[in-house]
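Participant: 3D, please:
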Amino acid sequence: MMRPVIIVGVIVLVAAMATAFWLFRPNSNAGDTSKLNRSFTPAEQQLLDTVHITAGELATATCEAEQRCWIAVNKVVYDVSGVPSWAKGTHHGVKPGHDVTDSFVKSGHPLSTLQKLPVVGSLEA
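Facilitator: Coordinates of the predicted model:
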């Protein structure tokens, strides 16, 4: 009678461990700085060369009251106002209106995430 209980317990334990491993596995993109090497179309490159956003201008683009919603990654300013996950003014604890390069590198987001975002201009040093 005790043997089936032990077998079921072992199965439940193994299933729980496998689930935990799958849920908490490290993301292969986290910490990968190569995902900052985004390519730009000629139109985007022209924006980068001609439109310069100051840190003060970036700081006002916080998604509040339906204002612009911008982030900077690797000196490039992106418009995230069309991204639903930024609609409430925060994304995974990251707020718009800032240079979020470190947060992006630490995240599991791939390079393709940046490729999809509209370029606003370059962030002035």
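Participant: I'd like to know how many residues surround residue 121.
Facilitator: Look at residue 121: counted by other C-beta atoms under 10 Å, it has 21 neighbours. Just so you know, the C-beta spots here come from the backbone N, C-alpha and C atoms, and that holds for glycine as well.
Participant: Confirm it sits in a strand?
Facilitator: Yes: remark: residue 121 belongs to a strand, assigned using DSSP: H, G, I helix; E, B strand; the rest coil.
Participant: Residue 57 is in contact with that one, correct?
Facilitator: No: Residue 121 is not in contact with residue 57 according to C-beta atoms under 8 Å; the separation is 9.2 Å.
Participant: Which residue comes closest to residue 34 once chain neighbours are left out?
Facilitator: Excluding the flanking residues, the one nearest residue 34 by C-beta to C-beta, 6 or more residues apart in numbering is residue 111, at 7.5 Å.
Participant: Quick check: that neighbour touching residue 39?
Facilitator: No: applying C-beta under 8 Å as the test, residue 111 and residue 39 come out as separate, 9.2 Å apart.
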